[in-house]
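1. using only what follows, build the 3D model:
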Amino acid sequence: MGELARTASSGQVAVVCALTGARGVGKTQLAAAYARSCAAQGWALVAWVNAETADQMLAGLDTVGAAIGVQQEEAQQTATQVRQWLQEHPERCLIVFDNLINSDLVRPWLPRVGRAQVVVSTTRQSAENLGVAVPVDVFTDSEALAFLGERTGRDKDEVGARRLAVEVDRLPLALAQAAWMIRQQRLSYETYLERLRDFPVAEYLQPVPGEEYPWGAAGAVALSLQQLGSRRKTRIERAVLDLLAVYSPAGVPRSWLHVAGQCKLLGRQTRKVTIAQMDAALGELADASLIVLSVDGQTVGMHRFIQRVIRDAARKAGNLPRIVDQAARLAYEHLPALERVSLDGSTTETFVEQSAALWSCAQIDLLANRRKLGEVILSLQDWAGRCLGEAGDLTRAIPLLKQTLADSIRVLGIDDPATLTIRNNLAYAYQVAGRLDEAIELYQQTLDDSIRVLGEHHPDTWASRNNLAYAHRSSGRLQTAIELYQQTLDDSIGVLGEHHPDTWVSRNNLAYAYRSSGRLDEAIELYQQTLKDSARVLGVDYPATLTSRNNLAYAYEAAGRLGEAIELYQQTLDDRIRVLGKRHLDTLASRNNLANAYRSAGQLETAIELYQQTLDDRIRVLGEHHPDTLTSRNNLASSYQVVGRFDKAIELYQQTLTDCIRTLGEDHPLTMAVRGNLLSVQDVQ
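-> So this is what the prediction gives:
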């Protein structure tokens, strides 16, 4: 650690230290200890990024960006902003890239100037050209003897300690396992060494071809695991190790393991495990150096070497599919809500990372032989892609969904309903990204396959036709969209009847297409019919009924029937306040819609009052930088501009533009709209 500190204080700018060495020598532990030291000294930023894959690195940088207030709509944009922030920040900062596999992945994100220090841990010697190399090797003879003496209390037997150290190649991780078992069972070095040499490592483990590791070190870990598994009171601990072995080495929240105990997802445990029992088990495993707890104790991880030994042992025993299945079901217990992914980025990133780790552990050969497990893993990956898309991170969402679709075709088949769903979700991601031709092609393929596999009148077929129609509408092909919506509505009426909720959805979609094409009378007629049916069947306070009333009000507004629009908007707002509460997102949307209508009607003071109230509530509920908050501030500024209060308008536009650039990026449509509004008011003034 002293070498890291000396390098940091050498006067170099944007110092990059590459910690290189074999697995198990303690690179990550050294980097972590140094990070804790920097944090204790009050450095302005101490950040940790898992750099094993490009996606994990971008996810980590996205989290850093959120913490320092430079998060953008897409992770690559955020990474660029993080690098810029590090180059410009006047105080000492540290960012650690852990377990880098490919130097080229991190190179674009390294600050070139400034006071930031970057530490990279890696087994690849090629990383040394990134900056100042700090080699981390196995213990020296004297270091190994001192370590064993301190950990075991047997500091008098140097001969036995030296023999043990040589047997495990003086690898720190292996020595930690040996010391724990010696201390637990009060063994001599010689007795432990005999057990280690007698342990049938080749029979216990089934390594993946091409991923060899030192057998002495593997034996030390396996011996500790066997000892742990032979104790009656450690079934919880052994099951926890199995779960952690198939998750990301960066770890999972401690709360996930609490849920695992409550949901009986720990090996063959048939009883619930209390939180106290789980925490006690984690304490014992940490004491045995088999797991790693974060500084605050809320994240539980495992060294990659130990993970490999556990997985290889599970593969040999035929237990790996069961372990992956339980870990996948635990991940399912933590599916992020799509409507909250923008509000809780850390939860989303945890889920995406763990889903990727499970997919990596299972891979195609295991998935192909275990169809049900394949369905679970692929659905997790599909949901991870949808979460990234919902968060606006399409540069990661689209490749992930493409890979998931290809895997689903191989594992489940091209006609499996799950494959059709994944293709639909990929099409939607293309649509959101503005790649409409690719979206339409995939939607059309999904519709054709749904008709062939499920039939013309299956609900999933209708959904596919609706999605295709929506993509055509977005691309300006309104007549094609109307024809598709009309076909779906006719099918729904024929199969489900006029008054089924799915029929209302189809009628609403067709009405929206009519409204977009300027056929407002036809749109209003359909909206009125949907509102009438929904109020009669579901009740006037049902959320779908309130949405129908809002849609009708919008059509009235588009047709210039502002008095009727304002009346309906006001009624919808009042009902949503009563049913959903003052700060529900739908309530905030209603107030914004009402403000728009008053503005269209020339009642600007009333509009300003409503816009201000909506902005205040969105700041409280969504935060200063949420896109809806930025839209509200832009609306308020625009209204001030119309009434001639230019100073106030400029102040709000400038604040909104700054936040849009930082949060959404320079080229986002809202950013460009706000910039145009600011220029227009400055020209007038």
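2. can you check the pLDDT for residue 206?
-> pLDDT for residue 206: 69.
3. and the helix or strand harbouring residue 106, what does it pack onto?
-> In this assignment (DSSP states H and E), residue 106 forms part of helix 103-106. With contacts defined as 3 or more C-beta pairs under 8 Å, 6 or more residues apart in numbering; DSSP states H and E, helix 103-106 has these neighbours: helix 54-68. C-beta: built from backbone N, CA, C; applies to glycine.
4. chain center to the helix it packs on, what's the gap?
-> For helix 54-68, the separation from the chain centroid amounts to 10 Å (computed by C-alpha atoms, centre = their mean, to the nearest Å).
5. swap in stretch 31-41?
-> Using C-alpha atoms, centre = their mean, the distance between the centre of stretch 31-41 and that of its chain works out at 26 Å.
6. CA atoms only for it - export them in PDB, please.
-> Extracted as PDB, the C-alpha positions of stretch 31-41 are listed here (Å, rounded to 0.1, in the frame of the first residue of the first chain):
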ATOM      1  CA  ALA A  31      -6.800  -1.800  -3.500                       C
ATOM      2  CA  ALA A  32      -9.700  -1.900  -1.100                       C
ATOM      3  CA  ALA A  33      -7.400  -1.100   1.900                       C
ATOM      4  CA  TYR A  34      -5.900   1.800   0.000                       C
ATOM      5  CA  ALA A  35      -9.400   3.100  -0.900                       C
ATOM      6  CA  ARG A  36     -10.400   3.000   2.800                       C
ATOM      7  CA  SER A  37      -7.300   4.900   3.700                       C
ATOM      8  CA  CYS A  38      -8.100   7.600   1.100                       C
ATOM      9  CA  ALA A  39     -11.600   7.900   2.400                       C
ATOM     10  CA  ALA A  40     -10.400   8.200   5.900                       C
ATOM     11  CA  GLN A  41      -8.100  11.000   4.800                       C
END
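7. pull out the buried positions in it.
-> 31-32, 34-35, 38 (16 or more other C-beta atoms under 10 Å).
8. out of those residues, which are inside helices?
-> Using DSSP state H, the subset of the buried residues of stretch 31-41 located in helices is 31-32, 34-35, 38.
9. quick one on the thing from earlier: any idea which helix or strand comes after the helix holding residue 106?
-> strand 116-122.
10. in its sheet, what does that next one sit against?
-> Sheet pairing for strand 116-122, assigned by DSSP bridges, gives strand 15-20 (parallel), strand 93-100 (parallel).
11. select the longest helix from this structure.
-> The chain, longest helix under DSSP H: helix 345-369.
12. and the most centrally placed residue in the chain, how far from residue 389?
-> Centroid check for the chain by C-alpha atoms, centre = their mean gives residue 349 as the closest residue, at 2.5 Å. Computed with C-beta to C-beta, to the nearest Å, the distance linking residue 349 and residue 389 is 14 Å.
13. ok so, going back, now the longest helix of the chain: buried residues?
-> Using 16+ other C-beta under 10 Å as the test for burial, helix 345-369 gives 345, 347-359, 361-362, 366-367.
14. following that helix, which helix or strand comes up?
-> helix 371-390.
15. report pLDDT for the residue nearest to the centre of the chain.
-> Model confidence at residue 349, given as pLDDT, is 85.
16. so the residue nearest to it when sequence neighbours are not counted versus residue 278, what's the distance?
-> The shortest distance from residue 349 to any non-neighbouring residue, by C-beta to C-beta, 6 or more residues apart in numbering, is to residue 59 (4.8 Å). Residue 59 is 27 Å from residue 278, where distance means C-beta to C-beta.
17. ok, those two, which is more surrounded?
-> residue 59 (28 against 22; other C-beta atoms under 10 Å).
18. pretty sure that one sits against residue 352.
-> Yes: between residue 59 and residue 352 a contact is recorded at 6.5 Å, counting by C-beta atoms under 8 Å.
19. dump the residue contacts of residue 655.
-> residue 633 (C-beta atoms under 8 Å, 6 or more residues apart in numbering).
20. repeat that with 10 Å
-> 624, 630, 633, 637, 674 (C-beta atoms under 10 Å, 6 or more residues apart in numbering).
21. buried subset of the residues you listed, written for ChimeraX?
-> ChimeraX command restricting these to the buried ones, with burial defined by 16+ other C-beta under 10 Å:
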select :630,633,637,674
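22. the contacts of residue 655 in helices, which ones?
-> Counting by DSSP H, these contribute 630, 633, 637, 674 to helices.
23. save these as JSON lines, and put in distance to residue 569 too.
-> Formatted as JSON lines, the ones in helices among the contacts of residue 655 follow (distance: C-beta to C-beta, whole Å):
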{"residue": "630", "distance to residue 569": "22"}
{"residue": "633", "distance to residue 569": "21"}
{"residue": "637", "distance to residue 569": "22"}
{"residue": "674", "distance to residue 569": "25"}
